[in-house]
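Visitor: no sequence for this one, just the structure:
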C-alpha cells in the first residue's frame, strides 16, 4: 500500500517535495484493533503546525514519519467488539496519509450515516463542527444580536461558524478571497461580507458593514483581515484566535505588523486563543446539536473533493493559497 | 488663581510648551457645590490619552481648556450637606490642573484620614488602588500559585499590583527600568524581577525567572516588555491590558512590531482590555479591602512628590520617561 511520509520540514510555504510517496507493507491487525481502508482523507490548515520543526501544541511529524491526518475509512478486519468488516469509521488525526491503517478504538468513532453522510464526519460532525461550535458559542460567548465577522468564511470552519451564528441570533459577516465564495456565504445565510481581493480599504469597508463595530471575530486567518477587524472593534468585542492560515508561507518567522493594544484597552476587548481539543468533554453534546441542525437543513456544507491519494500534498498546499471552496477532502479509495 | 490650560495636542512626546500657565478668576460657589483649594494634584499616564486629538475612551481636553486631573483639596466654602470648610475631599478626574475648583458632590469623596493619609486617596484608596485590584483579581482572574509579571512595577499601579498578588498567594515578578526600583519592589515583597535597562535578552531572562511560563501579566507598558512576556506564556495565561506608558512618545502612530497570534492560540491565552471605570459599582468594596491591607501594613506605597503647581507638566512628562519612582503627585497648595 501507499503512504505519504514527510521528507523535510518546510521552509516557508510547503511544497509537494516536502513529502515523499512511499510503498509500505499493509499493516497487520493486532489484538484489540481494527484494520481499515481510507475512503476520504482530511486536509486542514492545522497541518501546517504539525509539519513545522518548531514546538507547537501537539507533537509534530518528523521527517521519515507518515503524515498525520484524519480519514473516513471502511473496516476490513476487526478485533474490536461492536465493529465489523464493512463498517465505516472516522479518525480525527491518527489515520495518517496512508491507504490503510491499524488503529485502536480510542481514536475512532463509528460513522452513523443516519446522522450525516460519510464526508460530514470529517466536517460538521467532525473537528470542524466542534471547532466552530465551541469557538463561537463558548470561547467568544456569542450573544443574539452580535455582529459576527468570520475570516476564511467559505472555508471548512468558516462556513459553519456563519451558520451557527445565524442560528444563535447573530448577524454573520463573511470575509472571503473571491466574490464567488462570498456569494456562497450569502446563500448559506451570511448577512453580508467582503471579497477581500477586490476590496481597497478593508478596514473602511468593514466599518461600513458594521457601523456599530464588530462584536465577535472568529479569526481563522490572521494577517490583513485581522488588522481590518481590529480597527473596528465594538465595546466588549470578543475575538477567538482559531487559526493563522494566511501565515502558512512564513510560519517560522515572526509575524510583524501593527499591534492594537490601545484599541483593545479602549474597547475592553478580549482576545482568546482557542483549540477545540480543550472541549473534548462536550463533543457529544455539540455533535448531537450539529447533527440536528444538519438534518433540519439549517446547516449545509460545500465540499471541495480532490480525487486521488497521490494529490494529498497539493490539496493541502492549496488551502494556504485559498484555492479551496468549502471543506476540502481527498477521495482516496476503492 | 492659576490654571494650566492645554495649548495644543502634542505630537509625539508631550512638551511643557503644550500647556500654558494662565491667571483666572477664582470660581464662585454655586448652589449645591463646594469650592476647594488643591493640596496635591495627580499626574498619571492615562492623561496622555486625554490630551491626544484622537478619539479615546473618554472625552479629551481641547486646546484652551483646563487640563483634566484629580486632586486632594481642602474645602473653603460649601453648599453641600455633610461637607464643611476645612474638610478634605478628593476628585479622581474633574478637579483639573488649577489651584481652586468648584465641584458638585457627585465627583467628590470625603477623605477619611482614619482609612489613610491624604496622599493615599490619590493612590491605594483612589484610582490606582481600584485599577490594581480589579485588573488583577477580576480581569486577569489571578489565582493563588500564579506567576504574576508586572510592567512599570515601581510605578503607581505596578507597586500595588505586586503587593495584591502576594496577598492573593501569587509570586510577583517586577519589570522596572532601574536596579534601584527593582530593589524597592523586592522590599515590597515582589519575589523577583528584571531591571530592563541592564538586561540583554529580556525574553530569555524572564524565561529563567518563570521556567513554567507567565500565568498573569499586568501590562502597564506595552512595547518591549510586552514582547518579552508574550514569548513566555504559560498555558492559560491571562493578560490585562491596562496601559501603554512606553508608547507615550508615539501615541498617534501605529504601534508596529511582532504580533503573537499563534503563541496566543497555542497557550490558549487571553488578552483583555481593561479600564477601572467599568468596575465603579465595586469601588467601595475594593476600597474597604485595600484600606484594611493598608492599615495592616500589607500594602505600602512609595510616593514621588514634586513640589510646586508650576511643575505639573514636567512632572507628567517624566512619567513617560520612567523618571518617577513610586506614585508621583504634585504638591500645590499652602
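Guide: Structure received. Since we're looking at a predicted model, the values are computed, not measured. Numbers count the residues shown, from 1 in each chain, chains lettered A, B, ... in the order given.
Visitor: And the helices in chain A?
Guide: A:47-50, A:127-133, A:158-167, A:179-188, A:202-209, A:223-230, A:261-267, A:283-295, A:312-320 (DSSP state H).
Visitor: Nearest to chain B, out of those helices?
Guide: Chain B lies closest to helix A:261-267 among those, at 4.0 Å (CB to the nearest CB). Using the backbone N, CA and C atoms, a C-beta is placed for each residue, glycine as well.
Visitor: pLDDT averaged over that closest one - what is it?
Guide: Helix A:261-267 comes out with an average pLDDT of 96.
Visitor: so residue A:290 makes contact with residue A:131?
Guide: No - contact criterion CB atoms under 8 Å: residue A:290 and residue A:131 do not qualify, at 11.0 Å.
Visitor: Output the set of residues of chain A in proximity to chain B.
Guide: Residues of chain A lying close to chain B by CB under 8 Å from any CB of the partner chain are A:49, A:56-57, A:219, A:222, A:226, A:241-244, A:247, A:254-275, A:278.
Visitor: Now a ChimeraX select for only the buried ones of those residues.
Guide: Buried residues among those (16 or more other CB atoms under 10 Å in any protein chain shown), as a ChimeraX selection:
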select /A:49,56,57,219,222,226,241,242,243,244,247,255,257,259,260,261,262,263,264,265,266,267,268,269,270,271,272,273,274,275,278
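Visitor: Surely residue A:332 and residue A:41 touch.
Guide: Yes - the criterion here is CB under 8 Å, and residue A:332 meets it with residue A:41 at 5.2 Å.
Visitor: Who has more neighbours out of the two?
Guide: More crowded of residue A:332 and residue A:41, by other CB atoms under 10 Å in any protein chain shown: residue A:41, with 29 against 24.
Visitor: Report the beta-bridge partners for that one.
Guide: Beta-bridge partners for residue A:41, by DSSP bridges, are residue A:71, residue A:330.
Visitor: now the helices of chain A as CSV including distance to residue B:164?
Guide: Formatted as CSV, the helices of chain A follow (distance: least, CB to CB, whole Å):
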stretch, distance to residue B:164
helix A:47-50, 37
helix A:127-133, 37
helix A:158-167, 38
helix A:179-188, 47
helix A:202-209, 38
helix A:223-230, 30
helix A:261-267, 20
helix A:283-295, 38
helix A:312-320, 45
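Visitor: Which one, of those helices, ends up nearest to residue B:284?
Guide: Residue B:284 lies closest to helix A:261-267 among the helices of chain A, at 24.5 Å (CB to CB).
Visitor: Now do the closest one: which elements does it pack against?
Guide: Counting contacts by 3 or more CB pairs under 8 Å, 6 or more residues apart in numbering or on different chains; DSSP states H and E, helix A:261-267 is packed against strand A:233-241, strand B:233-241, strand B:270-273.
Visitor: Please tell me how far stretch A:78-85 is from the chain's geometric centre.
Guide: Between the centre of stretch A:78-85 and the centre of its chain there are 29 Å (CA atoms, centre = their mean, to the nearest Å).
Visitor: now do stretch A:260-274
Guide: Distance of stretch A:260-274 from its chain centroid, counting by CA atoms, centre = their mean, is 24 Å.
Visitor: Skipping adjacent residues, who's closest to the closest residue to chain B within the stretch 51-200 of chain A in space?
Guide: Residue nearest to chain B within the stretch 51-200 of chain A: residue A:57 (4.6 Å; CB to the nearest CB). In space, and not counting its chain neighbours, residue A:57 is closest to residue B:266: 4.6 Å by CB to CB, 6 or more residues apart in numbering or on different chains.
Visitor: if I pick the one you found, what's in contact with it?
Guide: By CB atoms under 8 Å, 6 or more residues apart in numbering or on different chains, the contact list for residue B:266 reads A:56-57, A:273, A:275.
Visitor: For residue B:58, see how far away the closest residue to residue A:53 other than its chain neighbours is.
Guide: Closest residue in space to residue A:53, ignoring its immediate chain neighbours: residue A:9 at 3.9 Å, by CB to CB, 6+ apart. Taking CB to CB, to the nearest Å as the measure, residue A:9 falls 49 Å from residue B:58.
Visitor: Neighbour count for those two, which is higher?
Guide: residue A:9 (17 against 13).
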